[in-house]
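In: Give me a model of this one.
(one chain, ligands or ions: 1)
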Amino acid sequence: MAGNTWIIANWKSNKNIAEALDWVSKVGPQIPKNENLKVVVCPTFTCLEEVKKAITVSNFPLMVGSQDLSPYSEGSYTGEEAGRILKDVIELSLLGHSERRKNFGETDEMVSNKVKQALDNNIIPLVCVQDENVSVPEGCKLVAYEPVWAIGSGTPDTPENDQQIAQVLKSKYGDIEVLCGGSVNSGNIKSFVSQPDISGALIGGASLNADEFIKILKEL
Ligand code: 13P
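Out: Numbering: from 1, shown residues only. As a prediction, this is how the structure comes out:
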């Protein structure tokens with residue numbers, strides 16, 4: 001494995017605490033200990049603390065990420081989760097997912113403010129872009145290219161196209177790592193991570209089932 005490979009589970013709005021802990025207990029022991037392999041789970045907010053505790057107690061090589069983060073610092077922002085508070089339990093935050101842009105009116109400016117909050121609190125921002133023209137905020141070094149039509153459709157983009165987009169993004173933004181996403185599973189993960197400019201995958205549906213996620217890790 002040359003360079004980092006990021007395998008990131010985005011559970012979206014799925015799994016309660018019991019289901020989350022069951023997944024961690026099955027997947028945790030199966031993650032290879034390799035400093036270049038960065039496995040991250042992004043549960044719902046209510047599961048973050050319990051998941052973090054379970055990982056810490058068993059010393060699993062698994063990082064915890066949130067699926068969002070407030071564009072503001074802490075204060076009078078009802079319903080928001082501020083970086084300074086989240087950093088107790090997360091190392092990474094998924095920002096600008098197309099589902100947030102589409103369903104919750106998230107704009108490039110909000111994503112940029114979220115990235116700033118993440119960086120101010122030593123949280124790794126992972127920004128999702130839907131095509132090569134979506135802007136990557138300054139300071140963000142980890143980007144996931146997820147075309148909207150590939151998400152949850154069972155039809156991923158081709159590895160060759162993802163590789164091309166990764167090259168374009170790298171030529172625009174320099175020293176970044178690019179992940180791919182949208183219908184990635186154990187049957188196709190290898191074809192993506194074998195591309196020279198793809199440093200891993202952001203996985204939704206196929207990350208929910210522990211056995212399928214373990215299969216993905218075994219394919220690397
Ligand atoms: P699927 O893997 O379910 O297509 O979802 C991709 C995604 O949106 C991950 O953030």
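In: how much space between the closest residue to residue 83 other than its chain neighbours and the ligand?
Out: Leaving aside its chain neighbours, residue 83 sits nearest to residue 121 (3.6 Å; criterion: C-beta to C-beta, 6 or more residues apart in numbering). Glycine gets a C-beta too; all of them are placed from N, C-alpha and C. For residue 121, the distance to the ligand equals 22 Å [C-beta to the nearest ligand atom, to the nearest Å].
In: counting contacts, what elements does the lengthiest helix in the chain pack onto?
Out: Secondary structure of the chain per DSSP state H: the longest helix is helix 159-173. Other helices and strands packing on helix 159-173, by 3 or more C-beta pairs under 8 Å, 6 or more residues apart in numbering; DSSP states H and E, are strand 142-145, strand 177-181, helix 189-193.
In: So which bits of this protein are right by the ligand?
Out: Within the chain, the positions adjacent to the ligand are 10, 97, 146, 151-152, 181-184, 202-206 by C-beta under 6 Å from any ligand atom.
In: before we move on, back to that, ok, which of the helices and strands packed on helix 159-173 comes nearest residue 22?
Out: Residue 22 lies closest to helix 189-193 among these, at 22.7 Å (C-beta to C-beta).
In: Can you list the buried residues in the closest one?
Out: 189, 191, 192, 193 (16 or more other C-beta atoms under 10 Å).
In: Tell me the secondary structure at the residue of the chain most remote from its centre.
Out: In the chain, residue 76 marks the outermost C-alpha relative to the chain mean, sitting 27.7 Å out by C-alpha atoms, centre = their mean. Put simply, residue 76 is coil when judged by DSSP: H, G, I helix; E, B strand; the rest coil.
In: For the residue in the chain that the ligand sits nearest to, give me the pLDDT.
Out: Distances between the chain and the ligand by C-beta to the nearest ligand atom are smallest at residue 204, namely 2.4 Å. pLDDT recorded at residue 204 is 98.
In: Check residue 56 too.
Out: pLDDT at residue 56 comes out at 98.
In: a helix runs through it, doesn't it?
Out: Yes: according to three-state DSSP, residue 56 belongs to a helix.
In: How much space separates residue 79 from residue 17?
Out: 20 Å (C-beta to C-beta, to the nearest Å).
In: When these two are compared, which one has more neighbours?
Out: residue 17 (16 against 5; other C-beta atoms under 10 Å).
In: wait, isn't the more buried one in contact with residue 48?
Out: No: using C-beta atoms under 8 Å as the test, residue 17 is too far from residue 48 to be in contact (10.0 Å).
In: on that earlier part again, can you put the helices and strands packed on helix 159-173 in a markdown table and add mean pLDDT?
Out: Formatted as a markdown table, the helices and strands packed on helix 159-173 follow (pLDDT from 0 to 100):
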| stretch | mean pLDDT |
| --- | --- |
| strand 142-145 | 98 |
| strand 177-181 | 98 |
| helix 189-193 | 98 |
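In: Of all these, which one comes closest to residue 64?
Out: Using C-beta to C-beta, the nearest of those to residue 64 is strand 142-145, at 15.3 Å.
In: residues making contact with the host helix or strand of residue 100?
Out: Taking DSSP states H and E as the criterion, residue 100 maps to helix 98-104. By C-beta atoms under 8 Å, 6 or more residues apart in numbering, the list of residues contacting helix 98-104 from outside reads 12, 68, 106, 107, 128, 130, 146, 148, 151.
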